[in-house]
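Asker: sharing a model prediction with you, sequence too.
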Amino acid sequence: MSPALRPLTRLAAIAALLLVRATSADVLPDDRADIFYSKYSGGGMDITGESVLVRKKFTENFAVEGNYFIDKVSGASVDVLSNASVIRDERKQASATVEYCTTRRRTRCRTSTARSATTSRIPLMFR
């Protein structure tokens, strides 16, 4: 290809990509409900995660999604095992999403909240 045609080729490729994007319409995902659980034990730690996700498409243009997640950590890390301290942490997160979709644009409104509670217990040590 001659050097004079390279800019024209690039311009044509960019125009084709923009045209494909302009003619495509966004489609909202279908209804779904997921339940998730995970567990890990090792190194003095026990970690569990639980999550529920529900998504409902009311029309072709309008959908709502909700998610609730709990993450629990208990045990002691290697650096605090020598002091025999125990830590427990629980994080809860909730989120909600509302989506509205037209042939040209998808609008999403999302809110989320998270709360974490950490407790640690350090025993008395006598020397």
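Answerer: Good, I have the coordinates. Numbers count the residues shown, from 1 in each chain.
Asker: only C-alpha atoms for contact and neighbour calcs from this point on.
Answerer: OK.
Asker: can you show me the strands along the chain?
Answerer: Assigned by DSSP state E, the strands in the chain fall at 32-42, 45-57, 62-75, 86-101, 106-121.
Asker: out of those, which gets nearest to residue 14?
Answerer: Evaluated over the strands of the chain, closeness to residue 14 peaks at strand 106-121, with 22.8 Å, by CA to CA.
Asker: and that closest one, average pLDDT?
Answerer: In this model, strand 106-121 has an average pLDDT of 77.
Asker: now it against strand 86-101, angle please.
Answerer: Between strand 106-121 and strand 86-101, the angle comes out at 170 degrees (axes from the mean of the first three to the mean of the last three CA atoms, to 10 degrees).
Asker: strand 106-121: partners in the sheet, and parallel or antiparallel?
Answerer: Applying DSSP bridges, strand 106-121 is found paired with strand 86-101 (antiparallel).
Asker: which parts of the partner strand are buried?
Answerer: Buried residues in strand 86-101, defined by neighbour count with 16 or more other CA atoms under 10 Å: 86, 87, 88, 90, 92, 94, 96, 98, 99, 100, 101.
Asker: leaving out sequence neighbours, find the closest residue to the fifth one.
Answerer: Ranked by CA to CA, 6 or more residues apart in numbering and with sequence neighbours excluded, the top spatial neighbour of residue 92 is residue 70, at 4.6 Å.
Asker: on that earlier part again, among the strands of the chain, which is the most enclosed?
Answerer: Greatest average neighbour count among the strands of the chain goes to strand 62-75 (a mean of 18), per mean count of other CA atoms under 10 Å.
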